[in-house]
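1. just coords:
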């Protein structure tokens, strides 16, 4: 059994927005890995959230346990996030604290990719739309819905690939055009920008490990990898093919925003 | 023709610089805060800023639409060009990997910033959205509204401090201004501002934002010490400084849409 993954989502949660409710609910995920989604009403605020996290990780006693806390940006400010990050950094668990909403909305259900968990009103997306199957018959969250959201916020792979596209171009283009270097992208990066090289390698590994449900992305990654290994670069124009393949890969990763 | 070239990465800009040099086109590097003295302004996009790639061409375009030269006259012929690694054709975009043979003609044919066109979209964190989040806030208060409440209280202190004892003005129960609340409002503004100020170098109004930062740092001590010391209020020229910050915030807010 691997370590538990906890996705804590704090926003307005309509059904928890009642005086009598305890405003927190732990929703199990239909997975063998003790994954869960914790719904916590935004009124718990910073103090309530950090206490819950502190208590939970003590009970958990698992230093490998991973927590992602998603806090809605209409209620939690950047100061709140910074404060929570500072407090959580001292805890012996892996945790990440992020905003969602306003430009970071992967957690909202998207019918095109059948991914995401929430509607825009304060509910799970399947609360009123019974064609969406976020929960199974036993009331557990179906793993694919949980996992796609988890991995988006955990790895932000699309953004990382996009960053590496620009970082590598910013080196390779002047290297071949101004400095007169030649070789494959892999050769040049390995020799002159080892950190970029390692990052790209890690990104391909992450993609293979965590995106096996996206065959088109895997296919495009393979194409790109092959070109990075084989295409001999002697001028900036030789990078056009690499650019196009990065774009194909970015288009294939089914994440609709950053 | 005089080109000013803004790239956060000089190495990345070197192939373009080489071509400009080869074709005898006069260019200089732009650093955040420099005065713009050019017929063409080229921005390498995206810009690496605050540990991420951001795109700010829409903001720069809007800035140049209204741009006035250092004599205060509108400079409607200034041409704004973006350059990047996207494969696309656009009158005001240079694909760095496939530069036009004749750069001079490209620059001649580019559209002036005052005309109605949209810059080439480039991947990255959209600074227009970041700026909007700064101004609109997170559902609690817009930054202008939050700052307004600080400005009103500071104005009240300024108005009465010559005629009333300072202790009475800030008296918790009967005074005009609650010192702890004013201090808290300022600290909250500073924290919010600090987060967004990190993006300032990629913006055309960096000078104004930098000025805001400097003023804000210079008066911070008054608020940090609980707004209890009237000497700090007077010495730091609080009322005028707050007005300056307010007008900079208002001036730059036009770009948050």
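-> Ah, there it is. Keep in mind it's a predicted model, so treat the numbers as computed, not measured.
2. lowest-pLDDT helix or strand in the chain?
-> As the question left the chain open, I've gone with chain A. One helix or strand of chain A scores below all others by mean pLDDT, DSSP states H and E: helix A:78-88, with a mean of 89.
3. if you could check chain B rather than the one you did, that'd help
-> helix B:127-136 (a mean of 87).
4. could you check the angle helix A:78-88 makes with it?
-> 90 degrees (axes from the mean of the first three to the mean of the last three Cα atoms, to 10 degrees).
5. how far does helix B:127-136 sit from the chain's center?
-> The chain centroid and the centroid of helix B:127-136 are separated by 11 Å under Cα atoms, centre = their mean, to the nearest Å.
6. repeat for stretch B:106-120
-> 22 Å.
7. what residues does the stretch 101-250 of chain A put near chain B?
-> Residues of the stretch 101-250 of chain A found near chain B (Cβ under 8 Å from any Cβ of the partner chain) are A:102-103, A:162-163, A:165-166, A:169-171, A:173-174, A:177-178, A:236-237, A:239-240, A:243-244, A:247, A:250. Heads up, the C-betas are built off the backbone N, CA and C, glycines and all.
8. of those residues, buried ones?
-> Buried by 16 or more other Cβ atoms under 10 Å in any protein chain shown: A:162-163, A:165-166, A:169-171, A:173-174, A:177-178, A:236, A:239, A:243, A:247, A:250, out of those.
9. so after the strand or helix carrying residue A:223, what's the next helix or strand?
-> Using DSSP states H and E, residue A:223 sits within helix A:215-230. As assigned by DSSP H and E, the chain's next helix or strand after helix A:215-230 is strand A:232-233.
10. quick revisit: which parts of the helix holding residue A:223 are buried?
-> Quick answer for helix A:215-230 (16+ other Cβ under 10 Å): A:217-218, A:220-221, A:223-225, A:227-228.
11. residue B:194 looks like it's in a helix, true?
-> Yes - checked against DSSP: H, G, I helix; E, B strand; the rest coil, residue B:194 lies within a helix.
12. how many residues are close by the closest residue to residue A:223 other than its chain neighbours?
-> Nearest residue to residue A:223, sequence neighbours excluded (Cβ to Cβ, 6 or more residues apart in numbering or on different chains): residue A:245, at 5.6 Å. By the criterion of other Cβ atoms under 10 Å in any protein chain shown, residue A:245 has 20 neighbours.
13. and if you look at residue B:173?
-> 5.
14. where does residue A:102 land on pLDDT?
-> What the model reports as pLDDT for residue A:102 is 66.
15. try residue B:70
-> Looking at residue B:70, the pLDDT reads 70.
16. find the nearest non-adjacent residue to residue A:93, please.
-> Nearest residue to residue A:93 in three dimensions, chain neighbours excluded: residue A:57, at 4.4 Å (Cβ to Cβ, 6+ apart).
17. ok, residue B:175 next?
-> Excluding its sequence neighbours, the residue lying closest to residue B:175 (Cβ to Cβ, 6+ apart) is residue B:169, at 5.4 Å.
18. now that neighbour. Its backbone dihedrals?
-> Note on residue B:169: its backbone torsions stand at phi -60, psi -40 [degrees, to the nearest 10].
19. distance of it from residue B:79?
-> Remark: distance between residue B:169 and residue B:79 (Cβ to Cβ, to the nearest Å) = 54 Å.
20. those two: which has the busier surroundings?
-> Using other Cβ under 10 Å, the more surrounded residue of residue B:169 and residue B:79 is residue B:79, with 23 against 20.
21. can you name the residues that contact that one?
-> Listed by Cβ atoms under 8 Å, 6 or more residues apart in numbering or on different chains, the contact partners of residue B:79 are B:39-41, B:92, B:107, B:110-113.
22. where does it land on pLDDT?
-> 96.
23. and it, bridged to which residues?
-> Note on residue B:79: beta-bridge partners by DSSP bridges are residue B:40, residue B:112.
24. just to revisit the earlier point, by contact count, what packs against the least confident helix or strand of chain B?
-> If contacts are counted by 3 or more Cβ pairs under 8 Å, 6 or more residues apart in numbering or on different chains; DSSP states H and E, helix B:127-136 sits against strand B:52-55, helix B:57-65, helix B:143-160, helix B:179-197.
25. including distance to chain A, could the ones you listed go into TSV?
-> Converted to TSV, those look like this (distance: least, Cβ to the nearest Cβ, whole Å):
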stretch	distance to chain A
strand B:52-55	6
helix B:57-65	15
helix B:143-160	11
helix B:179-197	4
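26. with mean pLDDT added, can I get the ones you listed in JSON lines?
-> Below are those laid out as JSON lines (pLDDT from 0 to 100):
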{"stretch": "strand B:52-55", "mean pLDDT": "95"}
{"stretch": "helix B:57-65", "mean pLDDT": "94"}
{"stretch": "helix B:143-160", "mean pLDDT": "93"}
{"stretch": "helix B:179-197", "mean pLDDT": "90"}
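27. with mean neighbour count and distance to residue B:252 added, can I get these in JSON lines?
-> Output for the helices and strands packed on helix B:127-136, formatted as JSON lines (neighbours: other Cβ atoms under 10 Å in any protein chain shown; distance: least, Cβ to Cβ, whole Å):
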{"stretch": "strand B:52-55", "mean neighbour count": "20", "distance to residue B:252": "16"}
{"stretch": "helix B:57-65", "mean neighbour count": "20", "distance to residue B:252": "10"}
{"stretch": "helix B:143-160", "mean neighbour count": "17", "distance to residue B:252": "10"}
{"stretch": "helix B:179-197", "mean neighbour count": "17", "distance to residue B:252": "11"}
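28. all good on my end, thank you.
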